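**Student:** Next comes the sequence, and after it the predicted model I'd like to discuss.
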Amino acid sequence: MIRPPLACLPALTAFAILAVQGGELASAAEPLTRIADVRTLTREQAAQARPVHVRGVVTWSSSSETFAVQDDSAGIWVSLNDARSRKLWRGDNLAAGQVREGMEVEINGVSDRGGYAPVILPVTLRVLGLRPQPPPRPLEPARFFSGADDCQRVEVRGTVQGFQRLPNGVNLVINADPGRFTAQLSRQVAPDPAALVDAEIRLRGVAATRFNSRGEATGSRVITSLASDLVVEKPPPTSDEVPQVSLDHLLPFRAEPTGPHRVRVEGTVTFSLPGKFFYLQEGECAVRVETNSIMPLKPGDRVQAAGFVDISRLIGTLRDATVQPLGAASLPEPVAISPEEILAINEDAMEAKQVARPYDYDGHLIRCRARLLAVQSEPHFSDLSILTLERNNTPGRGKLLFRALLHDARTRRLESLRPGSDLELTGLVQLEYERGESPLQTTRTIPVNLDLILRNEADVVVIREPSWWTAGHLTAVLAAVMLALGGALLWNVQLKRQVRKKSRLLSQEKDARRDAAMEFRTTMRERNRLAANLHDTLPQTMSAIGLQLDACEYSLRRQGIDSLPPLEMVRTMVGFAVNELRGAVWEMRSFSLRGRSFSAALQAVVERAGVGHSAEISVHTHGPLEGIPEFVSGNLLLIVQEALRNALQHGKAEKISVEISSAAAAAPIRLVVADDGAGFVLGSQNGPEQGHYGIVGMRERAERLGGSLHVESSPGNGTRIVVEVSQDADDSDLANEKNLPDSTISGADRK
């Protein structure tokens, strides 16, 4: 007998457990021992739970639930949380909770498709010791940004251009030239992220790909929790070392690139939104500066800002800027110019392939007039009010629509502005640029629209309010009048239809209840006749059969033969049949309701149904029930008797409750029969196809009285039957009509 080597026993044990537990290992395939082989599986192949047995070094671990492991071939994510949720994990939870970077581990498990790339679901895990981190590969933009390097240890050099504090660490924004991405570091790696901004660093870590619900890569980042993975190669320059440029030279042509470092600018603040952005203007140029600084700035402040040049708005912007106040200066006066003139200036400049003259007006303070179309609030920003404006008869453009934005949660006056008002607005221009469908489509960027950023409510002046009697209002009034007239006519027609419909329904209901009363009495009389015929014929016949059996037994004994077992069996069957027949005759042989109250009749039915059974049956009545017409009460008693029969014979109930109630003399009647029996799955009970008519018969009786029957039951929880029937003011007349047969009540329909 060939014994497997000891090193393979954990893997074989894990695979045996998987095969027994879930059958996820479709075949006894050889386990994959190289991480690179697991990564090359397609999603469909990885989802087949291929057996895996690998050894590697933990390169990242933020918790005991998910960590990264890399061997000599590649790296991969290990999801302990998913393994637990699928009941695959059979290892030591204490050992799993101690997994940290630098540990060499041996993992037995299966493959899984993961959210983006294949992952390993561990079954067992063993810590072998400590090993140095595997050497990182230099970051290749094509592989990194496409997600091909997911979970691989990489090394990147770049400039830190910003940061964001996290609950357990920090996100650094890194420009690796080419390409900007974020790096997620723990607190011990970057205790003071502000000191890293504008520094040149070398960073090692695990590449982690962001993805969407389709499993498509949407971005990449680097993650690490090792302090040794971050090296500052060149500290950030001092404020004096940051080059200073004019506002109109943020991104000019240069024969040699300057690198992704900060630049300094100076100017006068024309608008400020603390913690978000402000505008600087210097001479003929203005620039938007985005910053996290909450330094209170007001229009007229002279400041110096140092930040990174960003072109994501398709126009030079300073981002992640630091601010230093310099004093005060006079504000530039707003320029009287229309939005269409600004767009024409920029369009002409692009057509001539020249710089816009006198300037492009982005960030400049202007004054113009327009007609208000609507006032609304931005759903995602409670402090932002938006005015939609229109300018008519603009040369070559027809109607021009643009917006005015006011960032002020305290404003309320703008909400009272009426659409159609002519306004004079003062604000800063924010150009919107056209983006080509592809980089090859065009070499020019043309402004296609603009927004006005309002400084406060005073920047909006009403020149003329619209007349109330506009064409729209007049149309609305006429429409309301026509609608009222049409509604009145329609209501009249509908009222007549409803009256006819109600009359027809009332007539049908009266006919139906009369038919139900006649059917009940006729049926009861016929059942009594059948019961009498059965009593006069079959019991005598069964008795004669019993006498013949006695004679046979006497004759056998005279011959010295003991009674034969088959003969005794026949005698027992005859006795059982006689008892059954007597019960059936009693159930069909009804007793009259005349001279007996409904409560007494109900008690008699309950007592008779409980004969021969040990079940405890309770009866509860509420409200005026003694004046119920006989055909209504008779049907209700038949339903009660059938429900008791089912509970005792089929449900084997120990306790049964019968409750019947009515709020008033003409109010609907509610009957509830509940038991603690075996219960059943609704829909699985026998029906007319199997010769059982109990529930069907009860439901038909309830519906004949204009009511309904509802059954509630489940195995082991008993059964509850709820019946609701209506009463009618003319029911007493139906009960007294002499052309109806005498009323009696009998037992329930046989199953």
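**Tutor:** Looks like it arrived, so ask away.

**Student:** residue boundaries of the helices in the stretch 501-650 of the chain?
**Tutor:** In the stretch 501-650 of the chain, the helices defined using DSSP state H, counting those that start in this stretch lie at 565-588, 598-609, 630-649.

**Student:** Give me the angle between the second one and helix 630-649.
**Tutor:** What it means is helix 598-609. Per axes from the mean of the first three to the mean of the last three Cα atoms, to 10 degrees, the angle that helix 598-609 makes with helix 630-649 is 30 degrees.

**Student:** tell me how far helix 598-609 is from the chain's mean position?
**Tutor:** Once both centres are worked out by Cα atoms, centre = their mean, to the nearest Å, helix 598-609 turns out to sit 53 Å from its chain's centre.

**Student:** Tell me how far Asn492 lies from Leu483.
**Tutor:** Using Cβ to Cβ, to the nearest Å, Asn492 is found at 15 Å from Leu483. C-beta here means a position set from N, CA and C on the backbone, and glycine is covered the same way.

**Student:** do the same with Glu282
**Tutor:** Relative to Leu483, and taking Cβ to Cβ, Glu282 is found at 61 Å.

**Student:** If you count surrounding residues, which of these two has more?
**Tutor:** Glu282 (17 against 11; other Cβ atoms under 10 Å).

**Student:** what sits opposite the residue nearest to that one when sequence neighbours are not counted in the beta ladder?
**Tutor:** Setting aside the residues directly before and after it, Glu282 is nearest to Gly267 in space (Cβ to Cβ, 6 or more residues apart in numbering), at 4.0 Å. Listed beta-bridge partners, Gly267: Val303 (assigned using DSSP bridges).

**Student:** I'd guessed Gly267 sits against Val303; true?
**Tutor:** Yes. Between Gly267 and Val303 there is a contact at 7.2 Å, judged by Cβ atoms under 8 Å.

**Student:** Now the common contact residues for the two.
**Tutor:** Leu280 (Cβ atoms under 8 Å, 6 or more residues apart in numbering).

**Student:** So these two - more neighbours on which side?
**Tutor:** Per other Cβ under 10 Å, whichever of Gly267 and Val303 has more neighbours is Gly267, with 25 against 22.

**Student:** what's the following helix or strand after the helix or strand where Cys368 lies?
**Tutor:** For Cys368, the element it lies in under DSSP states H and E is strand 365-377. Using DSSP H and E, the helix or strand that follows strand 365-377 in sequence is strand 384-394.

**Student:** Name every sheet partner of that following strand and say whether each one runs parallel or antiparallel.
**Tutor:** strand 365-377 (antiparallel), strand 398-407 (antiparallel).

**Student:** What's the separation between the nearest residue to Gly275 once chain neighbours are set aside and Ala305?
**Tutor:** Leaving aside its chain neighbours, Gly275 sits nearest to Ile294 (4.8 Å; criterion: Cβ to Cβ, 6+ apart). Counting by Cβ to Cβ, the gap between Ile294 and Ala305 amounts to 15 Å.

**Student:** Comparing the two, which shows the higher neighbour count?
**Tutor:** Using other Cβ under 10 Å as the criterion, Ile294 and Ala305 rank with Ala305 on top: 23 against 9.

**Student:** how about the strands of the stretch 301-450 of the chain, start to end?
**Tutor:** 301-310, 317-328, 335-336, 365-377, 384-394, 398-407, 422-433, 447-454 (DSSP state E, counting those that start in this stretch).

**Student:** Does anything pack onto the third one? Which helices or strands?
**Tutor:** For strand 335-336, the packing partners by 3 or more Cβ pairs under 8 Å, 6 or more residues apart in numbering; DSSP states H and E come out as strand 365-377.

**Student:** Let me know the angle separating the strand it packs on from strand 447-454.
**Tutor:** Using the same axes, to 10 degrees: strand 365-377 against strand 447-454 is 80 degrees.
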